[in-house]
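**Q** After the sequence you'll find the predicted model.
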Amino acid sequence: MCGRFALTATPEVLVELLGLLKVEGFPARFNIAPTQPILVVIATERPEPGSNLPERKALLARWGFTPGWVKDPRSFPLLINARAETVADKAAFRGAMRHRRILVPASGFYEWHRPPRGSRGASQAYWIRPKEGGIVAFAGLMETWSSADGSEVDTAAILTTSANRAVSHVHDRMPVVIQPQDFTRWLDCRRQEPREVADLMVPAAEELFEAIPVSDRVNKVGNMGPELQEEVTPAAGAALETEDPSGDGCGQLSLF
């Protein structure tokens, strides 16, 4: 799964990599958590001048996918991830997979290696980042949820797949990464049906990421500085703060 990630790139870097016309200024975010707004990229219907390709636009969406048929999001499970292997068949995601595929830019993500049940070992947090630096684009889905009073909220989930060898020693799942040469195909929901982009939903290349052990400060949503990504020596039996790093507990910014 992917329960925390970071985006610290400048707007200029995002514009260049993602082929955007512009991105509004925003602060570096070192500890993005579920229910918070995340930056996503969509393909609009209006083509760029002289091109038949759709224009790409960045917007904010709530991290926590809510299908349009849900009446009360507060009573619905928080869907922050969708499994690539089954996403095209699941009722919650089927429509979005066909019509509303997105990119989620990230500087990297956090994952936790948890000891076997019954073991006395402690969980260890890892910052998993591109070896060469820069940013990557996770595959995602978006849905606009409408309330009874007519208000709307854009919501999103990140697709996950089996972890590659660089990540599997930490966790058995990882986000799906879309390569720049495949951005247009992934976002083109008008011409590319889910079966035609299934080949993109695979583990990232072995050499893309490296896993850096970091302190358990990342477990707390309120900790948001660059020190979260500083490498530490894993300490066996180290105590962790008790907040669930993938939950939607107090302190997270909710758009509902």
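**A** Everything's here; your move.
**Q** From here on, just use CA atoms for contacts and neighbour counts.
**A** Fine.
**Q** Which of the residues in stretch 200-207 are classified as buried?
**A** By 16 or more other C-alpha atoms under 10 Å, the buried positions in stretch 200-207 come out as 200, 201, 202, 203, 204.
**Q** same deal with stretch 168-177?
**A** By 16+ other C-alpha under 10 Å, the buried positions in stretch 168-177 come out as 170, 171, 173, 174, 175, 176, 177.
**Q** just the residues you listed now: which is nearest residue 233?
**A** Each of these was checked against residue 233 using C-alpha to C-alpha; the closest is residue 170, at 14.9 Å.
**Q** I'd guessed that closest one sits against residue 111; true?
**A** Yes. Between residue 170 and residue 111 there is a contact under C-alpha atoms under 8 Å: 7.0 Å.
**Q** Overlap of the contact sets of these two?
**A** residue 126 (C-alpha atoms under 8 Å, 6 or more residues apart in numbering).
**Q** Show me the strands in this structure, by range?
**A** 4-7, 29-32, 37-47, 54-63, 81-83, 101-106, 108-113, 124-130, 136-146, 152-162, 173-175, 177-178, 209-214 (DSSP state E).
**Q** low-confidence ranges in this protein?
**A** In the predicted model, the chain carries pLDDT under 70 at residues 46-54, 118, 235-256.
**Q** Residues in a beta bridge with the residue most central in space within it, which ones?
**A** Nearest to the mean C-alpha position of the chain, counting by C-alpha atoms, centre = their mean, stands residue 158 at 4.3 Å. For residue 158, the beta-bridge partners are residue 81, residue 140 (DSSP bridges).
**Q** residues contacting it?
**A** 2, 80, 81, 82, 104, 138, 139, 140, 141, 175, 176.
**Q** Next, work out how far apart it and residue 9 are.
**A** Residue 158 sits at a distance of 19 Å from residue 9 (criterion: C-alpha to C-alpha, to the nearest Å).
**Q** can you check residue 111 too?
**A** Residue 111 sits 20 Å away from residue 9, going by C-alpha to C-alpha.
**Q** In terms of packing, which of those two has more residues around it?
**A** Neighbour count, other C-alpha atoms under 10 Å: between residue 111 and residue 9, residue 111 has more, with 25 against 17.
**Q** which residues does that one contact?
**A** Residues in contact with residue 111, defined by C-alpha under 8 Å, 6+ apart, are 2, 3, 4, 125, 126, 127, 128, 170, 171.
**Q** Quick check, the third one in contact with residue 31.
**A** Yes. Under the contact definition of C-alpha under 8 Å, residue 4 touches residue 31, with a separation of 6.3 Å.
**Q** Compare the two and say which is more crowded by neighbours.
**A** Taking neighbours as other C-alpha under 10 Å, residue 4 and residue 31 compare with residue 31 leading, 25 against 22.
**Q** who touches the more buried one in this structure?
**A** Contacts for residue 31 (C-alpha under 8 Å, 6+ apart) come out as 4, 5, 6, 218, 221, 223, 224, 225, 228.
**Q** The same query, at a cut-off of 10 Å, please.
**A** For residue 31, the contact set (C-alpha atoms under 10 Å, 6 or more residues apart in numbering) comprises 3-8, 109-110, 217-226, 228-229.
**Q** so of the residues you listed, which ones are in helices?
**A** Among the contacts of residue 31, none falls in helices (DSSP state H).
**Q** For PyMOL, write a command that selects the buried ones of those residues.
**A** In PyMOL syntax, the buried subset of the contacts of residue 31 is picked out as below (16+ other C-alpha under 10 Å):
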select buried, resi 3+4+5+6+7+8+109+110+217+218+219+220+221+224+228+229
